[in-house]
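Undergrad: can't give you the sequence, but here's the structure:
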């Protein structure tokens, strides 16, 4: 099953995708449900329903119906996968690098890219649940996305790629001009 993290994304017309991306999302959802029954693919921002090239603030590239942001998968205090998310917007609650992991966030901020962790101000409030980033749940979700032939690029932070032991030519770093991708997954056709 696929669902919006918040009705806000539907009301604000931030949920439009091309038929090809919709098909990919359906297949990803079905595959995820087979591996983790009941866990939903939760989307955040997609695109506006206007002409190709219309910008979707604050995103740099969500302008053609071929891009979507998905929420990570979390587990509760009992280590069970849940459909709950740590922020009201789905953005801004970061999965920080561990001490032994490469810290791309620090590198980008030290290079003067002040906007890199700006999403921390876009949470619309944090929820009180004890949620933990699920390495296995997110690894499964990302592997399912990467298996889609139509998917061309997937963006997450380098430390999460390492933590989940993922290697794939479609899995990339998005650059310092964008915002952090350790609070969501971005993929595009």
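TA: Nice, I can see it. Keep in mind it's a predicted model, so treat the numbers as computed, not measured.
Undergrad: how about the helices in this protein?
TA: 7-11, 19-35, 104-110, 135-146, 158-163 (DSSP state H).
Undergrad: Buried residues of the shortest one, list them for me.
TA: It refers to helix 7-11. Buried residues in helix 7-11, counted by 16 or more other CB atoms under 10 Å: residue 9. No exception for glycine: its C-beta is placed from N, CA and C like everyone else's.
Undergrad: what's the answer for the fourth one, then?
TA: Neighbour counts using 16+ other CB under 10 Å place 137-142, 144-146 of helix 135-146 among the buried residues.
Undergrad: distance between that helix and the chain's centre?
TA: Offset of helix 135-146 from its chain centre (CA atoms, centre = their mean, to the nearest Å): 11 Å.
Undergrad: The third one now?
TA: On the basis of CA atoms, centre = their mean, helix 104-110 sits 20 Å off its chain's mean C-alpha point.
Undergrad: circling back: looking at the helices of the chain, which is nearest to residue 97?
TA: Closest approach to residue 97 among the helices of the chain (CB to CB): helix 158-163, 4.0 Å.
Undergrad: how about the closest one: buried residues?
TA: 158-161, 163.
Undergrad: Can you check the pLDDT for residue 65?
TA: If you check residue 65, the pLDDT there is 87.
Undergrad: what does the worst-scoring helix or strand of the chain on mean pLDDT rub up against?
TA: In the chain, no helix or strand scores lower on mean pLDDT, DSSP states H and E than helix 7-11, which sits at a mean of 86. Contacts to helix 7-11, defined as CB atoms under 8 Å, 6 or more residues apart in numbering, come from residues 4, 14-15, 43-46, 89, 124.
Undergrad: picking that back up, figure out which of the helices of the chain is closest to residue 80.
TA: Per CB to CB, nearest to residue 80 of the helices of the chain: helix 135-146, 10.2 Å.
Undergrad: Remind me what the closest one packs against, helices and strands.
TA: Secondary-structure packing of helix 135-146 (3 or more CB pairs under 8 Å, 6 or more residues apart in numbering; DSSP states H and E): helix 19-35, strand 153-155, strand 184-188.
Undergrad: Adding mean pLDDT, write the ones you listed out as TSV.
TA: Listed next are these as TSV, based on pLDDT from 0 to 100:
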stretch	mean pLDDT
helix 19-35	96
strand 153-155	97
strand 184-188	96
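Undergrad: Just say which of the ones you listed is most tucked in.
TA: strand 184-188 (a mean of 23; mean count of other CB atoms under 10 Å).
Undergrad: now that one, how far from the chain's geometric center?
TA: So, by CA atoms, centre = their mean, the centroid of strand 184-188 is 5 Å from its chain's centroid.
Undergrad: Perfect, I'm done here.
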